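A.B. asks: sequence plus predicted model, see below.
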Amino acid sequence: MRNQAGAVLAVAVALALSGACQAGCPFSHGQPNNDASVLPSGHPPVMRASKPGVLTDLSRATLLKPQPEYDAAVRSLDFSAVQDDLKILFRDSKDWWPADYGHYGPFFVRLAWHCSGTYRVTDGRGGCEGGRQRFDPERSWDDNTNLDKARKLLMPLKAKYGKALSWGDLFILAGTTAIADMGGPVLGFCGGRVDDDDGYWSQELGPTPEQEAYAPCPVNGTCKRPLGSTTIGLIYLNPQGPMGNPVPEQSAPEVRDTFGRMAMNDTETVALIGGGHTFGKTHGACPKGPGPNPKQSPANPWPGECGSGKGADAVTSGIEGPWTPEPIVWDNAYFKQLHALKFEVHTGPGGAHQWRVPLSASDRPTAPAPDDKTRREDIMMLTTDVALTKDEAYAKIVQTFAEDQPSFDQAFSNAWYKLTTRDRGPYTRCVGAHVPEPQPFQNPLPPPPPPSELADMAAVKAEVKRAIVTPQPSVLAPDEYLGEPTYGPLFVRLAWQCASTFRATDFQGGCNGARLRFSPEKDWPINAALDRALALLQPVMETFPKGLSWADLIALAGTVALEEATNVAIPFCPGRTDATDGAGSEYISPTISPDGNVSAYDVVASVRAGIKLSGLSAPMYAALVGGGHSLGRMHIDRSGFNGTWSPTPTKVDNSWFRDLLDQDWELVTVEATGKQLYKARNKDIHRLASDMAFAWDPELAGISEAFAEDNTHFVNTLAHAWTTILNADRFDGPTGNLCSKDAAAPSADNKTPGAEV
């Protein structure tokens with residue numbers, strides 16, 4: 001089952017370490033109250049709890065466990081043999097669901113597209129990793145009508161190849177092979193998707209109570225980010241036009257918006273639409289509809305209310321007709337028609353708005369009927385197709401593809417691979433003989449060096465220890481506690497902010513690459529003053545000009561500082577490499593404000609949503625919050641907050657949790673900035689609203705109680721959680737991790753190794 005480790009995207013609540021407390025609640029360090037929540041300007045519209053009582057389920061937000069048997073099986077799988085079997089299947093039409101034009105290829109292209117097209121960059125949810133189209137909510141979406149038949153057709157192949165062939169891989173391989181079998185261009189195939197056991201990771205896609213709480217859409221058809229489509233239950237948007245109105249000029253901006261939510265640019269968007277609509281047809285034989293969906297009728301889903309409900313009587317979208325004269329042949333006729341012909345809107349036999357070449361035209365293109373080659377049918381277009389001619393930028397691309405088939409071929413092959421692979425994370429998770437070279441959207445890094453070429457990490461560690469206590473006032477004055485200078489809390493915060501961009505949904509982010517050295521990460525408010533933390537480590541980097549990456553140094557600096565604070569040895573796995581720019585971070589920006597005015601319920605909801613997105617278990621996440629917020633203090637010039645978290649800001653123990661549960665907290669305002677946080681009435685210690693969630697929420701409070709009662713349990717969980725988050729992005733195949741065998745940097749003799757929890 002796919003459950004990958006990670007850190008926070010929109011919720012950097014856990015660990016605003018040492019200096020800048022912006023890594024608190026994603027939209028609040030402010031006052032919980034009973035008033036309507038107000039998001040700060042520019043904040044993404046996420047995680048608003050519209051239904052009290054509906055909170056993110058954390059019961060399965062756990063780590064992706066290494067599955068060596070699956071990894072070995074999929075590496076040995078002959079995907080070419082699977083493709084040969086698929087090609088036979090494409091032409092083996094079944095009476096219970098006849099193949100249009102005698103070829104199931106278009107059907108499987110739709111299957112793969114609709115499995116992949118759920119992906120969204122806002123939080124990395126969706127995509128075909130997990131093969132969750134088999135489960136609700138996705139399996140019962142209107143846009144997936146009758147795809148249960150496509151999956152049934154594939155069942156014999158799934159049984160033949162067993163666990164080596166995941167459903168996710170089979171869906172994508174079927175669509176990709178179909179494109180090639182019909183003459184289309186294919187860049188490659190990235191195998192190794194890990195199937196989920198249920199639809200847990202699709203809950204926030206909707207329609208579910210979880211989605212309504214996380215990202216409500218009061219008027220379906222006008223949904224905004226983080227949702228991936230304008231219409232819940234559709235992959236992108238209404239093909240008839242906005243809210244069903246056939247106005248192409250209004251549809252074009254929706255096309256750009258929804259494809260942009262999947263990180264597709266204009267060229268990729270037009271290529272994908274045209275490539276997908278080169279094949280097959282839509283189905284709207286009559287206005288009665290397809291019948292109840294699988295959730296409504298598990299025994300007989302989508303039986304079809306028109307005649308036999310299959311073949312010429314099939315209904316899916318309610319729109320009827322083919323796009324091109326040769327629906328199972330790859331060409332650029334789609335673009336030639338859009339560019340050269342005039343279309344008019346009319347009501348099709350399914351009762352939906354669709355477009356046709358005027359009946360009076362003498363050059364109306366026709367295609368064979370799907371069940372009778374001797375009978376001809378007019379081609380049609382959707383409102384979203386015609387929209388491509390009503391937008392200046394899109395229209396230019398349409399013309400280019402109409403006049404230059406090779407240009408279309410190249411654009412489509414690259415866009416299709418991106419569509420079907422974007423949710424897989426780094427290139428290092430791909431397996432199989434058909435994997436192409438790393439693509440820009442995979443943000444490739446240099447390969448890790450062999451261990452023999454790494455710097456002596458024990459020597460690096462010694463230099464880091466020296467850097468922690470050596471003042472460099474020209475760079476940044478150290479904090480002093482009990483007369484002792486230290487940069488330790490700052491280094492912990494640096495490593496956390498480097499690693500905490502990782503998210504479990506699409507395996508993006510993490511500290512490998514050390515991209516926080518570049519824009520956009522270095523410019524995020526939550527990373528204020530971290531450029532100076534890097535400057536403090538520059539002498540260490542210069543001491544080891546070979547074999548030491550910035551990514552390793554950042555991770556090791558935080559680890560050494562946390563070891564010193566906990567007196568627990570924390571394993572360290574070197575071998576990270578450095579990116580040359582910040583590409584890949586543009587879609588994981590937290591875009592948050594450190595201050596806000598939201599209800600206590602919304603604070604709790606946001607923290608729980610952040611825990612799930614991180615992929616960490618709730619205890620691991622709580623340990624990181626308590627551990628990080630035991631260290632150092634807040635700085636007005638960095639975060640706008642002031643005060644310490646703990647009476648002993650250089651040591652980490654379970655007193656953070658004891659105080660959280662025992663103290664009487666009052667809301668106070670930082671006079672210089674107007675920002676609000678909580679202060680203990682009887683101690684000079686502070687908490688953010690997001691910290692308070694670990695007392696307000698019963699489940700999280702139970703974790704806090706367990707840590708408050710057992711310091712050893714807490715620090716061991718913290719050590720394990722820290723190692724996990726730092727190594728979460730060290731992929732080695734579909735489920736493997738290069739650090740699965742901990743390679744610890746030497747620790748002081750008096751430290752107790754952290755237990756795995």
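C.D. replies: Structure received.
A.B. asks: residues contacting Phe171?
C.D. replies: Leu111, Ala112, Cys115, Cys128, Gly131, Gln133, Arg151, Leu154 (Cβ atoms under 8 Å, 6 or more residues apart in numbering). Placement of C-beta: from N, CA and C, glycine included.
A.B. asks: from Ala579, how far off is Val464?
C.D. replies: Distance of Val464 to Ala579, computed by Cβ to Cβ, to the nearest Å: 22 Å.
A.B. asks: could you do Phe572 as well?
C.D. replies: In terms of Cβ to Cβ, Phe572 sits 20 Å off from Ala579.
A.B. asks: comparing those two, which residue is more hemmed in?
C.D. replies: The neighbour count for Phe572 versus Ala579, taken as other Cβ atoms under 10 Å, is higher for Phe572 (26 against 21).
A.B. asks: a strand runs through that one, doesn't it?
C.D. replies: No. Counting by DSSP: H, G, I helix; E, B strand; the rest coil, Phe572 is not found in a strand; it is coil.
A.B. asks: isn't it right next to Leu556, touching?
C.D. replies: Yes. Between Phe572 and Leu556 there is a contact under Cβ atoms under 8 Å: 5.8 Å.
A.B. asks: Ala555: which element?
C.D. replies: Using DSSP states H and E, Ala555 maps to helix 550-566.
A.B. asks: that helix packs against which elements?
C.D. replies: Under the contact criterion of 3 or more Cβ pairs under 8 Å, 6 or more residues apart in numbering; DSSP states H and E, helix 550-566 touches helix 457-469, helix 488-499, helix 530-543, helix 618-628, helix 711-727.
A.B. asks: so the longest one versus helix 550-566, what angle?
C.D. replies: Going back to what we said before, that points to helix 711-727. 170 degrees (axes from the mean of the first three to the mean of the last three Cα atoms, to 10 degrees).
A.B. asks: could I get the buried residue list for helix 711-727?
C.D. replies: 711, 713-727 (16 or more other Cβ atoms under 10 Å).
A.B. asks: relative to helix 488-499, how tilted is it?
C.D. replies: 50 degrees.
A.B. asks: report all helices and strands that helix 711-727 contacts.
C.D. replies: helix 488-499, helix 550-566, strand 568-569, helix 618-628, helix 698-709.
A.B. asks: average pLDDT for the longest one, rounded please.
C.D. replies: The average of the pLDDT scores along helix 550-566 is 98.
A.B. asks: residue ranges with poor pLDDT in the stretch 351-500 of the chain?
C.D. replies: Counting by pLDDT under 70, not a single residue of the stretch 351-500 of the chain qualifies.
A.B. asks: so where do the helices sit in it?
C.D. replies: Here the stretch 351-500 of the chain has its helices, by DSSP state H, counting those that start in this stretch, at 383-386, 392-403, 405-421, 457-469, 488-499.
A.B. asks: helix or strand for the residue sitting nearest the centre point of the chain, which one?
C.D. replies: The centroid of the chain falls nearest to Gly124 when counting by Cα atoms, centre = their mean (1.3 Å). Using DSSP H and E, Gly124 maps to neither a helix nor a strand.
A.B. asks: where does Arg633 land in three-state SS?
C.D. replies: Classification of Arg633 using three-state DSSP returns strand.
A.B. asks: wait, Leu616 touches Ala721, no?
C.D. replies: Yes. With contact defined as Cβ under 8 Å, Leu616 counts as touching Ala721 (6.4 Å).
A.B. asks: shared neighbours of those two, which are they?
C.D. replies: Common neighbours of Leu616 and Ala721 (Cβ under 8 Å, 6+ apart) are Leu624.
A.B. asks: and the two most separated of the buried residues of helix 711-727?
C.D. replies: Farthest apart among the buried residues of helix 711-727 by Cβ to Cβ are Asn711 and Asn727. That separation is 24.6 Å.
A.B. asks: what pLDDT does the model give Arg2?
C.D. replies: 47.
A.B. asks: with the one 10 residues further on instead?
C.D. replies: Note for Ala12: predicted pLDDT of 34.
A.B. asks: next: the one 3 residues further on.
C.D. replies: Turning to Leu15, the model gives it a pLDDT of 35.
A.B. asks: and if you look at Leu227?
C.D. replies: 93.
A.B. asks: what about it, which SS state?
C.D. replies: Following three-state DSSP, the label given to Leu227 is coil.
A.B. asks: next, count neighbours for it.
C.D. replies: 26.
A.B. asks: and it, how close does it get to Lys612?
C.D. replies: From Leu227 to Lys612 the distance is 17 Å (Cβ to Cβ).
A.B. asks: quick check: which ranges of the stretch 651-757 of the chain have low pLDDT?
C.D. replies: 741-757.
A.B. asks: Glu204: how many residues sit nearby?
C.D. replies: If you count neighbours by other Cβ under 10 Å, Glu204 ends up with 26.
A.B. asks: ok so, going back, of the helices and strands packed on helix 711-727, which is nearest Phe107?
C.D. replies: With Cβ to Cβ as the criterion, Phe107 lies closest to helix 618-628 of the helices and strands packed on helix 711-727, at 41.7 Å.
A.B. asks: got the CA coordinates for that closest one in CSV?
C.D. replies: In CSV, the C-alpha atoms belonging to helix 618-628 read as follows (Å, rounded to 0.1, in the frame of the first residue of the first chain):
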residue,chain,number,x,y,z
ALA,A,618,0.6,11.6,14.0
PRO,A,619,3.0,10.7,16.9
MET,A,620,6.1,11.3,14.7
TYR,A,621,4.7,14.7,13.6
ALA,A,622,3.8,15.6,17.1
ALA,A,623,7.3,14.7,18.3
LEU,A,624,8.8,17.0,15.6
VAL,A,625,6.5,19.9,16.7
GLY,A,626,7.4,19.5,20.4
GLY,A,627,11.0,18.9,19.7
GLY,A,628,11.5,21.8,17.4
